[in-house]
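Undergrad: predicted structure and sequence below. I'll ask about it afterward.
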Amino acid sequence: MRRRNFLGLGLTGGLAGLMGSTSALRASDSTKGRAKRVIIVFEQGGMSHMDTWDPKPETIAEHRSPYQPIDTNVPGIQLTSLMPNVARQADKLAIVRSMCHTINDHGAGAKYVLQGVKPGGAVEMPDLGAAISQRIGSNAKYLPPYVMIPGNGEMSGYAPTTGFLSPAWKAFRTQGRDLSQPGWKVADLGLIGGLDDRRFRNRRDLLSNLDVGLLTSGNPTDVTKSREMTGFFEHAFDMLSNPRTQTAFDLTQESTATREKYGMGHRGQCYLLARRLVESGVRVVALEVRENESPTTPGGFNMNWDHHDEIYTSGSCGTVRNKAGGEGRYGIGHWVMTGSTDRAFAALLADLHERGLLSETLVCFVTEFGRTPKLNKFQGRDHWSNAFSIAFAGAGVRGGQVIGKTDKDGGYVLDQPYTLDDYAATVIEFLGIDRETPTYTRENRPVFLVPEGRAIERLV
């Protein structure tokens, strides 16, 4: 049986990432840390912190957000009026208002979030999800250890990477422009047309005979490669033949009431899928999602958080600068922006808690930077990495607290500054991964995970 025939079984595109490598099969199914799994919610584009997590009612009227502070279910903690649903989940959240770094570019910022290491080092680092998977594997061998939802390449030029690790650890991308559409199915998880289960298993038996020559050659390298390939293919066969694989990605298994709690749009259903996947055993789920253009949102072809123009418009931001920054998105107060995010994130926290999953699931809400404390002449806010906010929940995180603070305008951190290296170090330590133990490149060079990071204090 030729190699191209085996590839015809359906091992295309993302399935290599679905399988991981043979190391995944040898990795522990449990971790030594507080967290058994992690959800990274990456809201890309630079979310305005003073309009969401860090209200600034005392700034001068000319630059003040129109969205006033509201009380949460924790006395003394306020969010803005754009986040009423999340406000009712504040007892589960540790909000870090003192994030800062020096990168103001979306592509590099996305890379920083997903790798957890400031770009520019001598070695290309893997995504945090890939690094975690390589170290501790998956909770379910019929599922990938690292899944990205939807993984459509929406992160301003940054493509998820395995860096110095084997390509086998790359993120498995669910794909799909709108997961709320009836009939949506995850890509690369079925047998090709005309190949039934019986023929599939026959080809599996034939393939097992191909290892004989290598195993009997006496060459240690041949034997190692043979065993690695055997593990790789066995994992692939299990993925393609196990009915629980498809079920884990099947949103139709959820009740209408549950789907509505998250919101019936694309963002809400992506957040819901994240819960289904960690419940099924996926170790790391990364969300990088935005709502889609629709008949009710004309011109909304790029609805991330990059609000350079007309941030407070009630509808489309238009093309104020003639395709120079604001086109393709809607005002931050519109449903497709903070409205859908507030609903989906609050539902995710509540759902995980009600199902008993939050106690062992670390949830991180991250953006690459914030927005300027002053409005520009186009009534927008530009990139600002001197101060922004992120949030953590679950896995023993002490909720109902705010860590760090910024000045009255939200422009600069006043105490307890943290970087995205620190965020990544926090994730690694919550999973119980020893950062003093190196991971090795293919040239046997030792590389330490998040060497410059320090875990954020006060989270537990």
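TA: All right, it came through fine. Everything numeric in this text was worked out from a predicted model, so none of it was measured. Numbering: from 1, shown residues only.

Undergrad: from Lys36, how far off is Val397?
TA: Distance, Val397 to Lys36, by Cβ to Cβ, to the nearest Å: 14 Å. C-beta here means a position set from N, CA and C on the backbone, and glycine is covered the same way.

Undergrad: span of stretch 358-367 from start to end?
TA: From its first residue to its last, stretch 358-367 covers 21 Å (Cα to Cα, to the nearest Å).

Undergrad: tell me which residues in that stretch are buried?
TA: 358, 360-367 (16 or more other Cβ atoms under 10 Å).

Undergrad: ok, stretch 308-324 next?
TA: 308-313, 316-318, 320.

Undergrad: any chance of TSV for those, columns distance to Pro167 and secondary structure?
TA: What follows is those, written out as TSV (distance: Cβ to Cβ, whole Å; DSSP: H, G, I helix; E, B strand; the rest coil):
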residue	distance to Pro167	secondary structure
His308	36	coil
Asp309	39	coil
Glu310	42	coil
Ile311	40	coil
Tyr312	44	coil
Thr313	43	coil
Ser316	40	strand
Cys317	38	coil
Gly318	42	coil
Val320	42	coil
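
Undergrad: now for the residues you listed: which two are most distant?
TA: His308 and Ser316 (13.7 Å; Cβ to Cβ).

Undergrad: before we move on, the earlier item: need the buried residues of stretch 358-367 in TSV (columns: secondary structure).
TA: Listed next are the buried residues of stretch 358-367 as TSV, based on DSSP: H, G, I helix; E, B strand; the rest coil:
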residue	secondary structure
Leu358	helix
Glu360	helix
Thr361	strand
Leu362	strand
Val363	strand
Cys364	strand
Phe365	strand
Val366	strand
Thr367	coil
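
Undergrad: confidence score at the closest residue to Asp407 other than its chain neighbours?
TA: Spatial nearest neighbour of Asp407, chain neighbours left out: Leu414 (5.8 Å); criterion: Cβ to Cβ, 6 or more residues apart in numbering. Looking at Leu414, its pLDDT stands at 98.

Undergrad: relative to Thr59, how far out is Leu414?
TA: In terms of Cβ to Cβ, Leu414 sits 15 Å off from Thr59.

Undergrad: got it, and Val284?
TA: 38 Å.

Undergrad: neighbour count for those two, which is higher?
TA: Val284 (28 against 18; other Cβ atoms under 10 Å).

Undergrad: tell me which residues touch that one, please.
TA: 37-38, 40, 128-129, 132-133, 145-147 (Cβ atoms under 8 Å, 6 or more residues apart in numbering).

Undergrad: if we use 10 Å, what do you get?
TA: Contacts for Val284 were tallied using Cβ atoms under 10 Å, 6 or more residues apart in numbering; they are 37-40, 127-133, 136, 138, 144-148, 171, 277-278, 362, 427, 431.

Undergrad: report how many residues lie close to the residue nearest to Ala248 when sequence neighbours are not counted.
TA: Leaving aside its chain neighbours, Ala248 sits nearest to Ser280 (3.8 Å; criterion: Cβ to Cβ, 6+ apart). For Ser280, the neighbour count with other Cβ under 10 Å is 16.

Undergrad: swap in Asn104?
TA: The tally of other residues near Asn104 (other Cβ under 10 Å) stands at 15.

Undergrad: please report the distance of it from Asn292.
TA: 27 Å.

Undergrad: could you do Gly411 as well?
TA: With distances taken as Cβ to Cβ, Gly411 is found 33 Å from Asn292.

Undergrad: same thing with Cys270?
TA: If you go by Cβ to Cβ, the gap between Cys270 and Asn292 works out to 11 Å.
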